[in-house]
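Chemist: A structural model of the following input is requested.
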Amino acid sequence: IVKGIILMLLLITLMAALDVASDVKHSVAWAHVLLEASMIFASILAVVLSTYWFYQVTEFSWKEAENKYKLSEAECKYWRDENKHLIQGLAEKILIQFNGWQLTKAEIEVGFLILKGFSFSEMAGLRGGSERTVREQASNVYHKAGMHGRAEFTAYFLEDLLPTNTANTN
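Modeler: Sure thing, here's the model as predicted:
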């Protein structure tokens with residue numbers, strides 16, 4: 001929107017400049033020419049100020065977004081570092097359960113990727129295979145675990161980690 005306004009102001013400035021040139025050529029009263037020249041000056045000033053404001057706001061928005069991303073990244077790293085032993089213990093317990101279900105090595109990989117939230121196409125890309133193969137392996141994981149799909153499979157591991165009464169989490 002701001003760019004459109006700036007372009008409109010530039011167009012108005014150009015049209016006013018052409019009108020002033022025509023007025024001077026046809027010997028129009030100088031008071032009228034000065035009035036139109038002051039309008040041109042005001043339009044140019046508005047273009048300069050609008051452009052400056054636009055780039056200040058845009059730059060601020062990008063800096064703010066970048067700072068939020070860095071903060072989020074730092075918080076995530078802090079959380080992982082603080083809970084490394086818990087995460088490792090959980091991964092070991094999940095692997096024990098996978099082995100109890102007699103998952104193959106490929107199915108174990110797919111099982112962990114499912115728990116991490118990857119899509120089938122992302123899993124295929126990460127594993128260097130086809131999406132169809134990953135879907136079949138995921139289906140085998142669900143079947144061997146006695147579950148009906150991704151949501152039930154993920155909930156199996158997360159259900160007891162999360163509070164049941166969210167009103168008391170503060």
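Chemist: from now on I want contacts and neighbour counts done on CA atoms only, so please keep to that.
Modeler: Will do.
Chemist: same for the lengthiest helix in the chain, what does it pack against?
Modeler: For the chain, the helix that runs over the most residues, judged by DSSP state H, is helix 30-82. Packing partners of helix 30-82 (3 or more C-alpha pairs under 8 Å, 6 or more residues apart in numbering; DSSP states H and E): helix 2-25.
Chemist: kindly recompute the last result at 10 Å.
Modeler: When contacts are defined as 3 or more C-alpha pairs under 10 Å, 6 or more residues apart in numbering; DSSP states H and E, helix 30-82 packs onto helix 2-25, helix 84-100.
Chemist: what about the protein, any weak spots by pLDDT?
Modeler: Applying pLDDT under 70 to the chain flags residues 1-2, 57-62, 165-170.
Chemist: burial count for Phe98?
Modeler: Neighbour count of Phe98, defined by other C-alpha atoms under 10 Å: 20.
Chemist: that one and Thr104 touch, don't they?
Modeler: Yes - if you go by C-alpha atoms under 10 Å, Phe98 and Thr104 touch, sitting 8.7 Å apart.
Chemist: who touches both of those two?
Modeler: Val141 (C-alpha atoms under 10 Å, 6 or more residues apart in numbering).
Chemist: picking up where we left off before, including distance to Ala46, could the helices and strands packed on helix 30-82 go into TSV?
Modeler: Supplementary listing: the helices and strands packed on helix 30-82 in TSV, determined by distance: least, C-alpha to C-alpha, whole Å:
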stretch	distance to Ala46
helix 2-25	7
helix 84-100	56
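Chemist: what's the most buried one of these?
Modeler: Comparing the helices and strands packed on helix 30-82 by mean neighbour count (mean count of other C-alpha atoms under 10 Å), helix 2-25 comes out on top with a mean of 15.
Chemist: picking up where we left off before, so which of the helices and strands packed on helix 30-82 gets nearest Leu162?
Modeler: helix 84-100 (13.7 Å; C-alpha to C-alpha).
Chemist: how big is the angle separating the closest one from helix 30-82?
Modeler: 70 degrees (axes from the mean of the first three to the mean of the last three C-alpha atoms, to 10 degrees).
Chemist: now do the buried residues in the helix or strand just after helix 84-100.
Modeler: Downstream of helix 84-100, the first helix or strand assigned by DSSP states H and E is helix 105-116. Within helix 105-116, the residues that count as buried by 16 or more other C-alpha atoms under 10 Å are 107-114.
Chemist: make TSV out of those residues and add distance to Thr133.
Modeler: Putting the buried residues of helix 105-116 into TSV (distance: C-alpha to C-alpha, whole Å) gives the following:
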residue	distance to Thr133
Glu107	10
Ile108	14
Glu109	13
Val110	10
Gly111	13
Phe112	16
Leu113	14
Ile114	14
